[in-house]
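K.L.:
what follows is a predicted structure for the sequence shown.
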Amino acid sequence: MNVVNLPRPLCPMYYVYVLKNSADFYIGYTEDLRRRLKQHQLYNDANLLYYEAYVSKKLAMSRERKLKYYGSAWRSLKKRITA
């Protein structure tokens, strides 16, 4: 998925994203998905698998926390995106 070519949103958005490198998945959140993806790609071969957009930081942080700390949320999402 090439995020660099997407148009910028008119209002601030917060993103929860999933990256995959050679062996692992990484879950994070950010306000600037393009910048954050470039930062990840400087240090490893991370590929964006999935992202969700939220209008508030609180919602994005809550979703990221659920994916990281509640196995059922992550298993459900992982099943959807790797199928």
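P.N.:
Here it is on my side, so go on.

K.L.:
only C-alpha atoms from now on, for both contacts and neighbour counts.
P.N.:
Noted.

K.L.:
so how far is L42 from M61?
P.N.:
Distance of M61 to L42, given as Cα to Cα, to the nearest Å: 24 Å.

K.L.:
what does D32 give?
P.N.:
Using Cα to Cα, D32 is found at 16 Å from L42.

K.L.:
between the two, which is the more surrounded one?
P.N.:
Neighbours were tallied for D32 and for L42 using other Cα atoms under 10 Å; the higher tally belongs to D32 (13 against 9).

K.L.:
what's stretch 75-83 in contact with?
P.N.:
49-50 (Cα atoms under 8 Å, 6 or more residues apart in numbering).

K.L.:
meant to ask about stretch 51-71
P.N.:
With Cα under 8 Å, 6+ apart as the criterion, stretch 51-71 contacts 12-18, 27-29, 73-74.

K.L.:
got the buried residues for it?
P.N.:
51, 53-54, 57, 60-61, 63-65, 67 (16 or more other Cα atoms under 10 Å).

K.L.:
model confidence for the residue lying closest to Y14 once chain neighbours are set aside, exactly?
P.N.:
Residue nearest to Y14 in three dimensions, not counting chain neighbours: E31, with 4.4 Å by Cα to Cα, 6 or more residues apart in numbering. In this model, E31 is scored at 95, pLDDT.

K.L.:
H40 in helix, strand or coil?
P.N.:
helix (DSSP: H, G, I helix; E, B strand; the rest coil).

K.L.:
before we move on, what about the one 5 residues further on?
P.N.:
Secondary structure, three-state DSSP: D45 is coil.

K.L.:
circling back: how about the contacts of stretch 51-71 in a markdown table, adding neighbour count?
P.N.:
Output for those, formatted as a markdown table (neighbours: other Cα atoms under 10 Å):
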| residue | neighbour count |
| --- | --- |
| P12 | 12 |
| M13 | 18 |
| Y14 | 21 |
| Y15 | 23 |
| V16 | 24 |
| Y17 | 21 |
| V18 | 22 |
| I27 | 16 |
| G28 | 19 |
| Y29 | 22 |
| A73 | 15 |
| W74 | 16 |
